[in-house]
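*Asks:* only geometry, no sequence info:
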């Protein structure tokens, strides 16, 4: 006589085995797809003349998200620039309030 729950244990093991096999099969498929995509990837050397032409035409634009990006000195924000910016904002706000009060 089987103990109670033995059937459930057997079903659970079968299910887990199926899941592992399925996961392994899916992983192999992904690896094959990745290898296929890598084969179709264009070679970087093929684009060098085109890239050089585009850089001379449009300029070398750096990505801000790239690790070697450095903000140019004229675009860096420092205390004096920010203070001047805030002063101009206060001045604009003051002038708009004054114009409104003059109208009312």
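*Replies:* Yep, that arrived. Because the structure is predicted, anything quoted here is derived from the model rather than measured.
*Asks:* Quick one: the helices in this structure, in order.
*Replies:* With helices called from DSSP state H, the chain shows them at 6-40, 48-58, 79-103.
*Asks:* just so I know, which of these lies nearest residue 69?
*Replies:* Closest of the helices of the chain to residue 69 is helix 48-58, at 16.2 Å (criterion: C-beta to C-beta). All C-beta atoms are positioned from the backbone trio N, CA, C, and that covers glycine.
*Asks:* For the closest one, the averaged confidence score.
*Replies:* The average pLDDT within helix 48-58 is 75.
*Asks:* Over to stretch 75-85?
*Replies:* 93.
*Asks:* For it, which outside residues touch it?
*Replies:* Outside stretch 75-85, no residue is within contact range by C-beta atoms under 8 Å, 6 or more residues apart in numbering.
*Asks:* quick one: pLDDT of the most centrally placed residue in the chain?
*Replies:* Residue closest to the average C-alpha location in the chain (C-alpha atoms, centre = their mean): residue 65, at 8.5 Å. The score at residue 65 is 76. That number is its pLDDT.
*Asks:* Same question for residue 39.
*Replies:* Reported pLDDT for residue 39: 88.
*Asks:* count of neighbours near it?
*Replies:* 7 (other C-beta atoms under 10 Å).
*Asks:* shift numbering so it begins at 492
*Replies:* Right, with 492 as the first residue, what we last looked at is residue 530.
*Asks:* how far away is it from residue 590?
*Replies:* Going from residue 530 to residue 590 by C-beta to C-beta, to the nearest Å gives 67 Å.
*Asks:* okay, the helices of the chain in a markdown table with distance to residue 564 next?
*Replies:* Converted to a markdown table, those look like this (distance: least, C-beta to C-beta, whole Å):
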| stretch | distance to residue 564 |
| --- | --- |
| helix 497-531 | 41 |
| helix 539-549 | 22 |
| helix 570-594 | 11 |
